[in-house]
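Novice: A predicted structure for the sequence below; I have some questions about it.
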Amino acid sequence: MIDVFNSYPSYKDSGVRWLGDVPAHWAVLRQRNAVDMRVSNVDKHIKDGELAVRLCNYVDVYKNDRIADRISFMCASATQEEIDRFRLQTGDVLITKDSETWNDIGVPALVECSARDLICGYHLALLRPRDGVMDGPFLLRVQQSLPVAYQYHVSASGVTRYGLSHEAIKSVCLPCPPLPEQAAIVRFLDHADRRIQRYIQAKQKLIKLLEEQKQAIIHRAVTRGLDPNVRLKPSGVEWLGDVPQHWMVARLGQLITPIEQGWSPQCDAQRAEENEWGVLKVGCVNRDAFDETQNKKLPSALEPIPGLEIRDGDILMSRANTRELLGLAAVAVRPREKLILCDKLFRFRAKHQVVNPRFLVSAIRQRTSRAQIESSTNGASDSMQNIGQGVARNLLLSLPPLEEQQRVVAAVSEQTASINTAISRARSEISLLREFRSRLVADVVTGKLDVREAAAGLPDEADEPEPLDDAASLDTGEAGDDADSDAVPEESEP
């Protein structure tokens, strides 16, 4: 797609390393000369004597590239002066200015709705484009581009939490074409977004169907075995229903070594390198295979606890997570060295004379087990639930003899191999589509590609492009795509 567009007739040096050359007739402006910036100090509390407001907060911006009426905004309070200063207007762009990870700095969203009581919240910067200089939709696209994101990333300061100063935000350099050209660029990128989104949604739906097929195979094998004609008996447990006649029902605590919990030190946001100590994130068990890349670097000033280092054959189970991900488990198969158990995970090992570790993990992940876990959760909200060790130990599972467990594990592996390959391929294609989109935005907003003629020939479409990643929730399967309670930065108190 990129190869079919021409370059502009002539270019000039932007003077900015990240932007490179830009079309000769474009301006390059410091952000302070293109927008009016306001950094909100309104927190999420309701205070006596203040006026009721709806707060557009950090997570609203982080999860949506458009701020629209469909979002359920948080209720808070603010003074009249704060309302006047931070009330959102259509065309404003909000960016995240603080985060636990440096690459979550400068995440933008375009405001497409306004109301007297809708204001910008803490941890956000409000960028209001100046009339005659830059339009809001183009400003969004510029903020989304890698050349601008890089400027934020190198300006962010911090160790365990990163932030942008007012001066750092104002000093970012932006490409600034004439207003009609800005409109053409936005029209083209909105059209491209819709097409890319449709491709991604199709892949996500395929993944969902494949995951359902895979889970059906696993569920049948783990709850009924491999013999379709097996005779059943009542298990005596509401959640389990009927089980094969020769199977037994046992509590998880009878099948495993004592449960351990980990450590939750204040860690660096970035992932640990191979030779560095890292603390696992709860997301390492979100899928049906252990993901050792889900970790945070342990600061060099902290001494690791060797007894908490993950070993081959450890079974990890999430004890604190979102409701739909709570209690998921995975076997650590040949994990790399220097990975430490975190406090949000349980660790135990299977008693090999009784149960196969992979069969055990599959049994824990079945909906019969999920029902037991969900009935025992506690927590302030669905966004973070907890279970105690007693809940885990008392989890009731149905088990065949050990030899049959091993046959089930082998059969499931064989039957799901092609499905896993198809899922992996589809996820790779989604990743490539997102990389293509990032490159396209960068090349178009910096003038490497001239899309004016293409934009003029596009058909009229809906004025409101759907956010590209609104369908990300489709790619969940049972355990989620990138879902991890550590992945989305939470707001801290001011």
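Specialist: Yep, it's here. None of the values given here were measured: they were computed from a predicted structure.

Novice: where exactly do the helices run in the chain?
Specialist: Using DSSP state H, the helices of the chain run over residues 58-63, 80-86, 136-144, 146-155, 166-171, 179-224, 252-255, 357-364, 367-374, 389-393, 402-445, 452-456.

Novice: Let's have the ones you listed in JSON lines, adding distance to V28, mean neighbour count and mean pLDDT.
Specialist: Quick note: C-beta positions are derived from backbone N, CA and C, even for glycine. Listed next are the helices of the chain as JSON lines, based on distance: least, Cβ to Cβ, whole Å; neighbours: other Cβ atoms under 10 Å; pLDDT from 0 to 100:
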{"stretch": "helix 58-63", "distance to V28": "26", "mean neighbour count": "20", "mean pLDDT": "92"}
{"stretch": "helix 80-86", "distance to V28": "29", "mean neighbour count": "15", "mean pLDDT": "93"}
{"stretch": "helix 136-144", "distance to V28": "11", "mean neighbour count": "25", "mean pLDDT": "97"}
{"stretch": "helix 146-155", "distance to V28": "11", "mean neighbour count": "20", "mean pLDDT": "91"}
{"stretch": "helix 166-171", "distance to V28": "13", "mean neighbour count": "16", "mean pLDDT": "93"}
{"stretch": "helix 179-224", "distance to V28": "14", "mean neighbour count": "18", "mean pLDDT": "96"}
{"stretch": "helix 252-255", "distance to V28": "62", "mean neighbour count": "18", "mean pLDDT": "96"}
{"stretch": "helix 357-364", "distance to V28": "55", "mean neighbour count": "23", "mean pLDDT": "95"}
{"stretch": "helix 367-374", "distance to V28": "54", "mean neighbour count": "18", "mean pLDDT": "86"}
{"stretch": "helix 389-393", "distance to V28": "58", "mean neighbour count": "17", "mean pLDDT": "92"}
{"stretch": "helix 402-445", "distance to V28": "12", "mean neighbour count": "16", "mean pLDDT": "96"}
{"stretch": "helix 452-456", "distance to V28": "19", "mean neighbour count": "15", "mean pLDDT": "92"}
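
Novice: Out of the ones you listed, the one nearest R32 is which?
Specialist: Checking these against R32 by Cβ to Cβ gives helix 166-171 as the closest, at 3.9 Å.

Novice: now for the helices of the chain, which one comes closest to R17?
Specialist: Closest among the helices of the chain, using Cβ to Cβ: helix 146-155, at 8.7 Å.

Novice: how far away is E112 from G283?
Specialist: E112 sits 31 Å away from G283, going by Cβ to Cβ, to the nearest Å.

Novice: same thing with L345?
Specialist: Taking Cβ to Cβ, one finds L345 at 10 Å from G283.

Novice: and what of R336?
Specialist: 17 Å.

Novice: before we move on, back to that, will you turn the helices of the chain into CSV that also has distance to T96?
Specialist: Listed next are the helices of the chain as CSV, based on distance: least, Cβ to Cβ, whole Å:
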stretch, distance to T96
helix 58-63, 6
helix 80-86, 15
helix 136-144, 10
helix 146-155, 9
helix 166-171, 11
helix 179-224, 20
helix 252-255, 41
helix 357-364, 36
helix 367-374, 32
helix 389-393, 36
helix 402-445, 17
helix 452-456, 29
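
Novice: Of all the ones you listed, which one is nearest G262?
Specialist: Among the helices of the chain, helix 389-393 sits nearest to G262 (Cβ to Cβ), with 12.7 Å.

Novice: For the closest one, which outside residues touch it?
Specialist: Contacts to helix 389-393, defined as Cβ atoms under 8 Å, 6 or more residues apart in numbering, come from residues 251-253, 259, 261, 317, 319, 327, 346, 373, 376.

Novice: make it 6 Å
Specialist: Outside helix 389-393, the residues that touch it by Cβ atoms under 6 Å, 6 or more residues apart in numbering are 252-253, 259, 346, 376.

Novice: Throw the residues you listed into JSON lines and include distance to E309, thanks.
Specialist: Formatted as JSON lines, the contacts of helix 389-393 follow (distance: Cβ to Cβ, whole Å):
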{"residue": "L252", "distance to E309": "23"}
{"residue": "G253", "distance to E309": "24"}
{"residue": "I259", "distance to E309": "17"}
{"residue": "F346", "distance to E309": "16"}
{"residue": "S376", "distance to E309": "30"}
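
Novice: what about the strands in the stretch 201-350 of the chain?
Specialist: 232-234, 242-244, 248-251, 260-261, 278-280, 295-297, 315-318, 320-321, 329-331, 339-340, 345-348 (DSSP state E, counting those that start in this stretch).

Novice: rank the ones you listed by pLDDT, which is bottom?
Specialist: In terms of average pLDDT, strand 320-321 trails the rest of those, at a mean of 86.

Novice: Could you spell out the sheet neighbours of it, each with its direction?
Specialist: strand 384-386 (antiparallel) (DSSP bridges).

Novice: Off-centre distance for the strand it pairs with?
Specialist: 18 Å (Cα atoms, centre = their mean, to the nearest Å).

Novice: Now it: buried residues?
Specialist: Neighbour-count burial for strand 384-386, counted by 16 or more other Cβ atoms under 10 Å, picks out 384-386.

Novice: contacts for it?
Specialist: Counting by Cβ under 6 Å, 6+ apart, 320, 323, 326, 377-379 sit against strand 384-386.

Novice: Drop anything exposed from those.
Specialist: Applying 16+ other Cβ under 10 Å to those flags 320, 323, 326, 377 as buried.

Novice: First-to-last residue distance for stretch 292-301?
Specialist: Terminal residues of stretch 292-301 lie 22 Å apart, using Cα to Cα, to the nearest Å.

Novice: Buried ones in that stretch, by neighbour count?
Specialist: Buried residues in stretch 292-301 (16+ other Cβ under 10 Å): 292, 294-298.

Novice: Kindly report the same for stretch 87-101.
Specialist: 87-88, 91-101.

Novice: Alright, that wraps it up for me.
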